[in-house]
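>>> Fold the following and give me the result.
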Amino acid sequence: MLGAAGGSGQLLPVTPGLGAVTAVLLLAAVAVAGWGRLGHGRAVLRAGLRAVAQLAAVALVITWVVGSPWWSALFVLLMFTVAVRTAGRRMAPGPGRAWAWAVAPIGAGVLPVLVLLLGSGLLPLQGLSVIPVAGILIGGALTATSLSGRRALDELRQRHGEVEAALALGFEDRDARLEICRTAAATSLVPALDQTRTVGLVTLPGAFVGMLLGGASPLQAGAVQLFVLVGLLAVESVAVVVVLELVARGLVRAGRPGEAIG
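Residues are numbered from 1 along each chain as shown. The predicted structure is shown next:
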């Protein structure tokens with residue numbers, strides 16, 4: 001395993017070499033995106049630089065945040081707010097506050113799972129446990145909301161005539177939109193499904209590897225990783241269903257074709 005030599009317990013050694021390789025990879029990603037005319041070269045660079053700044057800030061504050069339940073709760077709320085803003089802007093770019101509707105799919109997916117874990121006692125009410133678990137769930141809900149929202153709205157934009165035809169046949173507005181966009185939005189679950197199907201065969205996810213490096217047994221690490229994957233499937237499924245309902249009811253509408261999402 002990379003970086004585990006010498007019993008350091010690290011996946012990768014934190015050295016100047018790691019920083020140099022990371023910078024090279026970021027520049028390579030920017031160059032390839034530009035060369036391939038993907039339209040996201042600057043977005044890749046901004047994302048990488050933001051990740052550096054944000055991780056540095058988190059590293060400075062996380063040690064004292066996790067010591068207080070109240071600060072931990074505020075930190076989780078911050079993660080939730082950023083996820084809503086990010087997913088909402090991806091789902092409904094452009095002026096206005098349609099992005100705020102992203103609070104519904106992310107909240108509906110994440111909150112019940114967290115309440116179940118805390119209420120059952122499986123997740124200790126302490127920052128060191130709540131923050132990483134909440135972050136994983138919120139991240140999954142963010143991805144599902146962004147993908148399903150954009151795919152549903154793109155499908156409605158491209159197949160507008162079919163929506164009109166369904167209305168002419170007597171469908172209600174909601175049912176006509178759902179008939180057209182449901183299948184496209186559902187494909188946003190494919191990444192989570194593939195990750196769950198291939199876990200242990202193609203990938204060894206972070207929670208599993210991290211617990212092994214921390215001294216947990218393979219059985220413990222496997223059980224926790226299984227929970228994470230199944231929890232993400234539940235969270236993302238709920239998020240997609242709520243996004244479809246928002247789109248079908250016209251609460252979130254398609255922007256102009258080609259609208260920037262960077």
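
>>> CA atoms only: put the least confident helix or strand in the chain by mean pLDDT into PDB for me.
The weakest-scoring helix or strand in the chain, judged by mean pLDDT, DSSP states H and E, is helix 206-213 (a mean of 72). Extracted in PDB, the C-alpha atoms of helix 206-213 (Å, rounded to 0.1, in the frame of the first residue of the first chain):
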ATOM      1  CA  GLY A 206     -11.400   5.800   2.000                       C
ATOM      2  CA  ALA A 207     -13.400   4.700   5.100                       C
ATOM      3  CA  PHE A 208     -12.200   1.100   4.600                       C
ATOM      4  CA  VAL A 209      -8.500   2.000   4.100                       C
ATOM      5  CA  GLY A 210      -8.500   4.600   6.800                       C
ATOM      6  CA  MET A 211      -9.800   2.200   9.400                       C
ATOM      7  CA  LEU A 212      -7.300  -0.500   8.400                       C
ATOM      8  CA  LEU A 213      -4.500   2.100   8.700                       C
END
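
>>> The next helix or strand after it vs helix 206-213, what angle?
Helices and strands here follow DSSP states H and E; after helix 206-213, the next one along the chain is helix 218-248. Orientation of helix 218-248 against helix 206-213 (axes from the mean of the first three to the mean of the last three Cα atoms, to 10 degrees) gives an angle of 160 degrees.

>>> so what does the least confident helix or strand of the chain touch, helix or strand wise?
With contacts taken as 3 or more Cβ pairs under 8 Å, 6 or more residues apart in numbering; DSSP states H and E, helix 206-213 sits against helix 218-248. Backbone N, C-alpha and C define where each C-beta goes, glycine included.

>>> For the helix it packs on, what does the pLDDT average out to?
Mean pLDDT, computed over helix 218-248, is 90.

>>> Stretch 140-158 too?
Here the average pLDDT along stretch 140-158 is 93.

>>> for it, which positions count as buried?
140-153, 155-156 (16 or more other Cβ atoms under 10 Å).

>>> Going by distance to Leu219, which of those residues wins?
Distance to Leu219, by Cβ to Cβ, is smallest for Gly140 among the buried residues of stretch 140-158, at 24.2 Å.
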